[in-house]
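Peer 1: What follows is a protein structure lacking sequence information:
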């Protein structure tokens, strides 16, 4: 299916991560010129190297919690592609976990800053680009936004805020041609969940595969497919929402979670 976005320009935050890389591949395959940003320079270069040699891909290292870095990102994007038509905001971390009584105000503040305020900053920086008559903004959220887990409350609160923020933006700018939507994955095979499962395996004295199996059985029993999702399964939905084919989709939250919620 032709998504109708050939020669569009896209910014992907969290571009060194598994979902970011898969999304870049999906958009590049549709003829989109892509700028990837992340704090991980080596990861960004690996992401660029994983894409076809003729892909139009640029990388800019930036920490979205730092205004100076965000200003530099804005300049870098402008120099690389000019104005963008698409923003996919995937930057985020799970952050501190554990029961609420063991978490501090700083734990909440750091996760809210990384997961929610970074989205606010990116939106402020690139909103003018997207208000030119045609624009797409997609926020990579999580099942945690609507189904909180008691050992991940800072992350859950941040993602719930991000979901509400995205819905609010969608109401404000749709009349200008900017469509804003969210994608909420659950337990995708990425370095983030690899780290979670490695920690679980160490605590249980098992292998990663055994940790994944027990996690699915005990913590995610409604994931009916009985496995982790793959990044490209999320990227396919993101690419659709970035496309001309999604011209009547606005303010939606697409769950890519095998039924987890």
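Peer 2: The structure has been received and is ready for your questions. Everything quoted here is computed from the prediction, not taken from an experiment.
Peer 1: ok so residue 113 is a helix residue?
Peer 2: Yes - with DSSP: H, G, I helix; E, B strand; the rest coil as the criterion, residue 113 is part of a helix.
Peer 1: is it true that it touches residue 66?
Peer 2: No - applying C-beta atoms under 8 Å, one finds residue 113 not in contact with residue 66, separated by 10.5 Å. (C-beta placed from N, C-alpha, C; glycine too.)
Peer 1: More neighbours: which of those two?
Peer 2: For residue 113 and residue 66, the more surrounded residue by other C-beta atoms under 10 Å is residue 113, and the numbers stand at 16 against 13.
Peer 1: can you pull the contacts of that one?
Peer 2: By C-beta atoms under 8 Å, 6 or more residues apart in numbering, the contact list for residue 113 reads residue 65.
Peer 1: One more pass at 10 Å, please.
Peer 2: 64, 65, 95, 120, 121, 158 (C-beta atoms under 10 Å, 6 or more residues apart in numbering).
Peer 1: Give me the lowest-pLDDT entry from those residues.
Peer 2: Of all the contacts of residue 113, the model is least confident about residue 65, whose pLDDT is 90.
Peer 1: mind checking the SS state of the residue nearest to residue 251 when sequence neighbours are not counted?
Peer 2: Spatial nearest neighbour of residue 251, chain neighbours left out: residue 170 (3.5 Å); criterion: C-beta to C-beta, 6 or more residues apart in numbering. The three-state assignment at residue 170 reads helix, by three-state DSSP.
Peer 1: again with residue 88
Peer 2: Per three-state DSSP, residue 88 ends up strand.
Peer 1: how far away is the spatially most central residue of the chain from residue 118?
Peer 2: In the chain, the residue lying closest to the centroid (C-alpha atoms, centre = their mean) is residue 90, at 2.2 Å. Going from residue 90 to residue 118 by C-beta to C-beta, to the nearest Å gives 10 Å.
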